[in-house]
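Enquirer: missing the sequence, but the structure's below:
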């Protein structure tokens, strides 16, 4: 059987709704072409985003004097535990980072393509974004191939289009550093397609190809492992539970071997309060909330990315709503589906919901939903086709509510997110380097100490400074406080200061990226240019003792009206202020 052969037509893949007129109505054709045009237009904003944040780190690493294996295949290995002390001392990590912190991902294949961006292309510029766009297009094509095999060409064209419009693609398209999401998806979807063909044709060739593609997907990103629950759901629906375990045994064996290697080699995340280690106590405590947040993104069209901005209660409610409405719609559409197709849909959706459990270990965001969105796109595509058929058959009420559900939850605000996020990222990519370079000139050669800076983007300034010459940057940049509460800074002796911060020092979600436990009194840090000791640490107040290195100028910084600005201690050698964000 050829790799491009169509799936055999018949009751296994075709629903009764196929008896509708062969040619779509003029309205359907217009709607489809309009959505295709929208999908193409939504690609434009991401092309306008320049290098920012992680891109600076990757650019530095790709050009660093390091072994070529690290520069080509290790760009996603941010920090291992044995590197935290040095990175913290040099300001690359904030002082409260846990000694045991590790954020290092095994993604050699994606790293290779990313290093080519920085070594051969324009390093997160226009041409690099074109590579990201190409992987996105391949991902949509690969998803369409799977959907066509399971549900037929007519459903697949609508489902793949809804998949292409999803906001789960916004970060990998706009942020070159997130290239791995689409590279992983391409190989994972092709692996799934070959598995389906292997199950249906009993072909060893397709089974072997599926295993090779699964290995490539794992080399592109650890998230490839979540294709297994979707595959189990399909094979279970096609052949039953025992056949599912037997036929997927080689894939499960590869996954277990990969996980053993992954954890034995200290990959993954450890002691981060944002990225959680699967199986840990912290993971099980946080998983229910994060799972519902991801469900909301999958079935209710509520972007999980808002979790970082403190919108968890709203997102959890969106998850509950998505489950309820999804169940109602699923029950309704199944009445019009042939039994095998109905089983495929249920198996795929069940697999997608299960796949969200390991994904809950990551920071909730749309990028985590690229693979599971295959299942929700299938449901949206089937519901949309049934809505059109019901409307033409005179069942206006059913056609209206199914179409409304797809419009609100399947498309909804996804196009808005696809435009707004790249625009904001482009703004950050323009403004943050300008702010960093301005501060670099003002604080050149000095120890820059940022206090009261509740803006996570500012934590990336040390990465920007890595590539600047010494005369254009501070000697070192330390983020001392990201707390939004009241700050008091007073000089207690020659070169000695006390910083008193009201409220929860680790209030912002981003601060938990670096630590999974509360601060404690008597904690000390030896940083370049400053010795730090925690005098008091509670949920309402934190006091720090700061001893500056003699003979080195100091440049105090804070956030004023959303702008990183210099602080002047004045004649009283004391300040009392609350950081101010930009006016709304």
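Expert: Everything's here; your move. No experiment lies behind these values; they were computed from the predicted model shown.
Enquirer: ok, now how distant is the residue nearest the centre of the chain from residue 297?
Expert: Of all residues in the chain, the one closest to the mean position by C-alpha atoms, centre = their mean is residue 367, 3.8 Å from it. The spacing between residue 367 and residue 297, counted by C-beta to C-beta, to the nearest Å, is 10 Å. Where C-beta positions appear, they are placed from N, C-alpha and C, glycine not excepted.
Enquirer: Is the residue nearest to the centre of the chain in contact with residue 172, as I believe?
Expert: Yes. Counting by C-beta atoms under 8 Å, residue 367 touches residue 172, with 6.0 Å between them.
Enquirer: Overlap in contacts, the two.
Expert: By C-beta atoms under 8 Å, 6 or more residues apart in numbering, residue 367 and residue 172 have these common neighbours: 178, 181.
Enquirer: picking up where we left off before, what's the residue nearest to the centre of the chain in contact with, if anything?
Expert: Residue 367 is in contact with 168, 171, 172, 178, 181, counting by C-beta under 8 Å, 6+ apart.
Enquirer: State the distance from it to residue 111.
Expert: According to C-beta to C-beta, residue 367 stands 17 Å off from residue 111.
Enquirer: do the same with residue 467
Expert: Counting by C-beta to C-beta, the gap from residue 467 to residue 111 is 19 Å.
Enquirer: Between the two, tell me which one has more neighbours.
Expert: Per other C-beta atoms under 10 Å, whichever of residue 467 and residue 111 has more neighbours is residue 111, with 28 against 13.
Enquirer: who touches both of residue 367 and residue 297?
Expert: Common neighbours of residue 367 and residue 297 (criterion: C-beta under 8 Å, 6+ apart): residue 168.
Enquirer: Show me what the helix or strand encompassing residue 261 is packed up against.
Expert: Taking DSSP states H and E as the criterion, residue 261 maps to helix 249-264. Packing contacts for helix 249-264, counted by 3 or more C-beta pairs under 8 Å, 6 or more residues apart in numbering; DSSP states H and E, involve helix 204-220, helix 227-239.
Enquirer: Residues touching that helix, excluding its own?
Expert: Applying C-beta under 8 Å, 6+ apart, the external contacts of helix 249-264 come out as 106, 195, 207, 210-211, 214-215, 218, 222, 225, 228, 231, 245, 268.
Enquirer: make it 6 Å
Expert: 106, 211, 214, 218, 225 (C-beta atoms under 6 Å, 6 or more residues apart in numbering).
Enquirer: all strands for this protein, in order.
Expert: Applying DSSP state E to the chain gives strands spanning 77-79, 102-104, 268-270, 447-450, 476-479, 487-493, 496-502, 524-527, 530-537, 541-548, 554-560, 563-566, 574-577.
Enquirer: Would you mind giving the helices and strands packed on helix 249-264 as TSV with mean neighbour count, distance to residue 75 and mean pLDDT added?
Expert: Putting these into TSV (neighbours: other C-beta atoms under 10 Å; distance: least, C-beta to C-beta, whole Å; pLDDT from 0 to 100) gives the following:
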stretch	mean neighbour count	distance to residue 75	mean pLDDT
helix 204-220	20	13	97
helix 227-239	23	23	95
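Enquirer: closest to residue 477 out of those?
Expert: Counting by C-beta to C-beta, residue 477 lies closest to helix 204-220 out of these; the figure is 33.3 Å.
Enquirer: how far does the closest one sit from the chain's center?
Expert: From the chain centre to the centre of helix 204-220 is a distance of 24 Å (C-alpha atoms, centre = their mean, to the nearest Å).
Enquirer: what helices or strands is that helix leaning on?
Expert: The contact analysis (3 or more C-beta pairs under 6 Å, 6 or more residues apart in numbering; DSSP states H and E) places helix 204-220 against helix 108-119, helix 180-201, helix 249-264.
Enquirer: Out of those helices, indicate the one that is most buried.
Expert: Neighbour counts (mean count of other C-beta atoms under 10 Å) averaged over each of the helices and strands packed on helix 204-220 peak at helix 180-201, with a mean of 25.
Enquirer: Between helix 249-264 and that one, find me the angle.
Expert: On the basis of axes from the mean of the first three to the mean of the last three C-alpha atoms, to 10 degrees, helix 180-201 is oriented at 150 degrees to helix 249-264.
Enquirer: Quick one: distance of helix 180-201 to the chain centre.
Expert: So, by C-alpha atoms, centre = their mean, the centroid of helix 180-201 is 21 Å from its chain's centroid.
Enquirer: Was I right to think residue 555 contacts residue 449?
Expert: No. Using C-beta atoms under 6 Å, residue 555 is not in contact with residue 449, being 7.1 Å away.
Enquirer: Give me the more crowded residue out of the two.
Expert: Remark: of residue 555 and residue 449, residue 449 carries more neighbours, 28 against 19, as counted by other C-beta under 10 Å.
Enquirer: How much space separates the more buried one from residue 91?
Expert: To residue 91, residue 449 is 10 Å away according to C-beta to C-beta.
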